[in-house]
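What follows is a predicted structure for the sequence shown.
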Amino acid sequence: MRPLAYHQGQLAVQAEANTSHVAAKLAAWVGPAEEYAADADLVLLAASDGAELRVVAISGAPPLVLPVAPGILELPARLWDAPWLLPADGGRVRTVGGLVMSLERAERARLNGSIVAGDGRPRLVADEEFTLCRKYLAPSVADATELRVGPSSRLEVALDDPRVAAIVSTAETAFLASVSPDGSPDVAHRGGPPGFLRLQPGRGIVSWTEYVGDGVFKSAGNVRATGAATLVVLDLATGDAVEVVGSGRYVNTLERFRPRLDALVRMPEPFPEQGRLEIDVTSVRLLTGFIHPRRRLDARRVTSRDHVDVQAPR
C-alpha cells in the first residue's frame, strides 16, 4: 500500500496545528485495517453522483465485506442498487471513500480506492488504507443482523424542518464525506456529546467543533482545499439520518508553539477543541432506513482524557 500523499490543503492545516512531523510519521501507517473490515457491522462508502457527495451504508452482522487479498474487499452485490456507485459511462471503476467500523468495540479504518465491476460481486480495491484511533465513538450495537444497504429513500426537506432539528440536536454520531483536489472521496466519523452539532437555520449553517485527532487532518484538509462536504447525522434509535450537503470551511483554533511529536496525546479535557468546521447548506434530506436501528450501550466512550494506550487501535 502506497504511503499517504498530502495535498496543499492538508499540508496547510498540519502546519497551522504544528503536526507536520506527526503526519509524516503516519503517512505509511496501516494497522489492522483488514481485520477491522472483516469484523465491521457498519460500512460506509462515499462517492460523487456527478453533482455532490453521497454516502451509502451497509449494516448487519459481520462479515459485511470479505478481505480477499491485501487491500481488496469483496462487497455485497446489492450495492449495485445505488446508481452513483456504478462505474461511470459503462466503465469498470468508480472512485470511492470507504469506512469500516464497529461502534461497539470502538474500531474503525479507512479504505479509499475504487469499486471495480466484475462478473460476480463488486470489489473495493484500496490505494489508501489506514486504521484510526478509538476516540469519540459512542458505543452502540445493532438491533438486527440481516444485510441492509441504505438509505431506503431520500426526502428533500428544509433546514428548519423540526425533524431535522430533532435528529441533529441529540446526535452523538455523524459522518463527514469530503473530496480531495484530484477528486478522491473520503468518509470519516464525527462524534461528540449530544448537542455537539450546531444547527443555525436562519443563517443556513451547520457547524461543530473538531476535536484533537491524529494530526493528519485528512477531512479538514480536503474541506480546506475543495469545500465539498456532505454530513450524514444518525438517529440511532430509528436507523434514519439527516443528510446535509453544502460548502464547508475549516478554521484551526488550537495552535502549538512546539511541534506535536505523537499522534495520540492525553489531555485534561475529554473533548479538546482543535478547530471548527461549518457548512453553508445547499440541500437537506431525510434518509430513511440508512442503517439498522442501534441500541446505545451504557458504556463510556474513549476520549482524549484516556491514556494513549486506551486511545490506540487494538
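That came through fine.

So which bits of stretch 227-245 are buried?
Neighbour counts over stretch 227-245 (16 or more other CB atoms under 10 Å) mark 227-236, 239-245 as buried. C-beta coordinates here come from the backbone N, C-alpha and C atoms, glycine included.

now do stretch 62-72
Neighbour counts using 16+ other CB under 10 Å place 62, 64-65, 67, 71-72 of stretch 62-72 among the buried residues.

Likewise for stretch 291-301?
In stretch 291-301, counting by 16+ other CB under 10 Å, buried: 291-294, 301.

Show me the residues you listed that map onto strands.
Judged by DSSP state E, the buried residues of stretch 291-301 include Arg294 as members of strands.

So which of the buried residues of stretch 291-301 is the closest to Tyr6?
Proximity of those to Tyr6 (CB to CB) peaks at Arg301, which lies at 28.5 Å.

Let me see the contact set for that closest one.
Arg301 makes contact with 106, 135-139, 191 under the criterion CB atoms under 8 Å, 6 or more residues apart in numbering.

What of Leu64?
Taking CB under 8 Å, 6+ apart, one finds 40-43, 58, 76, 147 in contact with Leu64.

low-confidence ranges in this structure?
Across the chain, the ranges flagged by pLDDT under 70 are 86-92, 118-119.

Now the spatially most central residue of it: which helix or strand?
Nearest to the geometric centre of the chain sits Ala188, at 1.7 Å (CA atoms, centre = their mean). Using DSSP states H and E, Ala188 sits in strand 185-191.

for Ser178, same thing?
Applying DSSP H and E, one finds Ser178 within strand 173-179.

in its sheet, what does that strand sit against?
Paired neighbours of strand 173-179 in the sheet (DSSP bridges): strand 185-191 (antiparallel), strand 228-235 (antiparallel).

Turn those into TSV, including distance to Ala24.
Formatted as TSV, the strands paired with strand 173-179 follow (distance: least, CB to CB, whole Å):
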stretch	distance to Ala24
strand 185-191	19
strand 228-235	26
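
Which residue ranges of the stretch 201-314 of the chain form strands?
Using DSSP state E, counting those that start in this stretch, the strands of the stretch 201-314 of the chain run over residues 205-211, 228-235, 240-252, 273-288, 294-296.

I'd like to know which elements the first one is packed against.
Which is strand 205-211. On a contact count with 3 or more CB pairs under 8 Å, 6 or more residues apart in numbering; DSSP states H and E, strand 205-211 meets strand 197-200, strand 240-252, strand 273-288.

same deal with the fourth one?
Secondary structure elements in contact with strand 273-288, counted by 3+ CB pairs under 8 Å, 6+ apart, are helix 8-17, strand 153-157, helix 162-170, strand 205-211, helix 218-226, strand 228-235, strand 240-252.

Out of those, which is closest to Glu52?
Closest of those to Glu52 is strand 240-252, at 5.0 Å (criterion: CB to CB).

Including distance to Asp309, could the helices and strands packed on strand 273-288 go into a markdown table?
Listed next are the helices and strands packed on strand 273-288 as a markdown table, based on distance: least, CB to CB, whole Å:
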| stretch | distance to Asp309 |
| --- | --- |
| helix 8-17 | 23 |
| strand 153-157 | 42 |
| helix 162-170 | 32 |
| strand 205-211 | 19 |
| helix 218-226 | 24 |
| strand 228-235 | 29 |
| strand 240-252 | 27 |
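
closest to Ala126 out of the ones you listed?
Across the helices and strands packed on strand 273-288, closest to Ala126 is helix 218-226 (CB to CB), at 14.4 Å.

Export that closest one to PDB, keeping only CA atoms.
Extracted C-alpha coordinates of helix 218-226, given in PDB (Å, rounded to 0.1, in the frame of the first residue of the first chain):
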ATOM      1  CA  LYS A 218      -7.400  14.400   6.000                       C
ATOM      2  CA  SER A 219     -11.000  15.600   6.100                       C
ATOM      3  CA  ALA A 220     -10.300  19.100   7.300                       C
ATOM      4  CA  GLY A 221      -7.600  19.500   4.700                       C
ATOM      5  CA  ASN A 222     -10.000  18.200   2.000                       C
ATOM      6  CA  VAL A 223     -12.600  20.800   3.100                       C
ATOM      7  CA  ARG A 224      -9.900  23.500   3.100                       C
ATOM      8  CA  ALA A 225      -8.900  22.600  -0.400                       C
ATOM      9  CA  THR A 226     -12.200  21.900  -2.200                       C
END
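
from the middle of its chain, how far away would stretch 97-112 be?
With CA atoms, centre = their mean, to the nearest Å as the basis, stretch 97-112 stands 8 Å off its chain's centre.

for stretch 250-264, same thing?
Here the centre of stretch 250-264 is set off from its chain's centre by 21 Å, with CA atoms, centre = their mean.
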